[in-house]
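**Student:** can't give you the sequence, but here's the structure:
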């Protein structure tokens, strides 16, 4: 029954967006909705530009902290979005992570769930010697429209491999393509999540992963993702 409900949710999300499942990454939406429905009273953000996916005001049951749920493939870095926004985090929050494996041609199965509380000092330490001015300098190169996408990509990649960026735990991910995308995003490697944010949790996959004692009712209907330029 749970699997049927998740499959129906995927189909509804895809139909509402007018896109294919692999384009909207429906499994990520299913995971986020499950987190919201199960633990945060069915909260839905009014848009995708607010600071937190689940604001502190919607989290009365788990410490009144803001919450960011993220779904990503097991063993791979977790994408955290805009680098400048992540650098500016100045309050504790819950980072809810769902790691999945492609268990068949048309479905994904979540194999690791965790929700470490992250303190702002620990978050900032992951940036190492990188300052906000450093990030703004790299961001300016990425957004420099006098450079072609290829030129901007080469310049940005060259910068990110040198100090101070190469000394940070955070990985910087310039997103530049011929369609006009020019963004500076960031991510954390799988091993670094467990080393720095959840050292008490073993990183191995689990047969029945649970979040706050509740198992995820998967798998989720979702085909492998196909990548294009800039991904």
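**Tutor:** Sure, I can see it. What you see is a predicted model, and the numbers here were worked out from it, not measured in a lab.
**Student:** can you map out the helices along this protein?
**Tutor:** 2-17, 21-24, 26-39, 83-87, 120-125, 132-142, 149-160, 190-192 (DSSP state H).
**Student:** between these, which one is nearest to residue 219?
**Tutor:** helix 2-17 (6.9 Å; CB to CB). Heads up, the C-betas are built off the backbone N, CA and C, glycines and all.
**Student:** if we can go back for a sec, columns distance to residue 56 on top of the helices of the chain, output as TSV?
**Tutor:** Putting those into TSV (distance: least, CB to CB, whole Å) gives the following:
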stretch	distance to residue 56
helix 2-17	26
helix 21-24	28
helix 26-39	14
helix 83-87	16
helix 120-125	14
helix 132-142	23
helix 149-160	32
helix 190-192	26
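**Student:** I'd like the ones you listed laid out as JSON lines, including mean neighbour count.
**Tutor:** Shown next, in JSON lines, are the helices of the chain (neighbours: other CB atoms under 10 Å):
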{"stretch": "helix 2-17", "mean neighbour count": "14"}
{"stretch": "helix 21-24", "mean neighbour count": "16"}
{"stretch": "helix 26-39", "mean neighbour count": "22"}
{"stretch": "helix 83-87", "mean neighbour count": "19"}
{"stretch": "helix 120-125", "mean neighbour count": "14"}
{"stretch": "helix 132-142", "mean neighbour count": "16"}
{"stretch": "helix 149-160", "mean neighbour count": "16"}
{"stretch": "helix 190-192", "mean neighbour count": "15"}
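**Student:** what about these, which gets the closest to residue 46?
**Tutor:** That would be helix 26-39 among those, by CB to CB, at 13.1 Å.
**Student:** How about residues contacting that closest one?
**Tutor:** For helix 26-39, contacts defined as CB atoms under 8 Å, 6 or more residues apart in numbering pick out 6, 9-10, 13-14, 42-44, 53-54, 61-62, 67, 69-71, 96, 98, 100, 108, 110, 211-212, 214, 216-217, 220-222.
**Student:** Of these, which belong to strands?
**Tutor:** Using DSSP state E, 67, 69-71, 96, 98, 100, 108, 110, 211, 214, 220-221 are the members of these that sit in strands.
**Student:** Now list the buried members of the residues you listed.
**Tutor:** Buried members of these, counted by 16 or more other CB atoms under 10 Å: 67, 69, 70, 71, 96, 98, 100, 108, 110, 211, 220, 221.
**Student:** Which strand residues bridge the last one?
**Tutor:** Each beta-bridge partner of residue 221 is listed here: residue 107, as defined by DSSP bridges.
**Student:** Quick check: the residue in the chain sticking out farthest from the centre vs residue 166, distance?
**Tutor:** Largest separation from the mean C-alpha position in the chain: residue 146, at 30.4 Å (CA atoms, centre = their mean). Distance, residue 146 to residue 166, using CB to CB, to the nearest Å: 26 Å.
**Student:** same question, residue 39
**Tutor:** 38 Å.
**Student:** again with residue 173
**Tutor:** 14 Å.
**Student:** Neighbour count for those two, which is higher?
**Tutor:** Neighbours were counted for residue 173 and for residue 166 using other CB atoms under 10 Å; residue 173 has more, 17 against 14.
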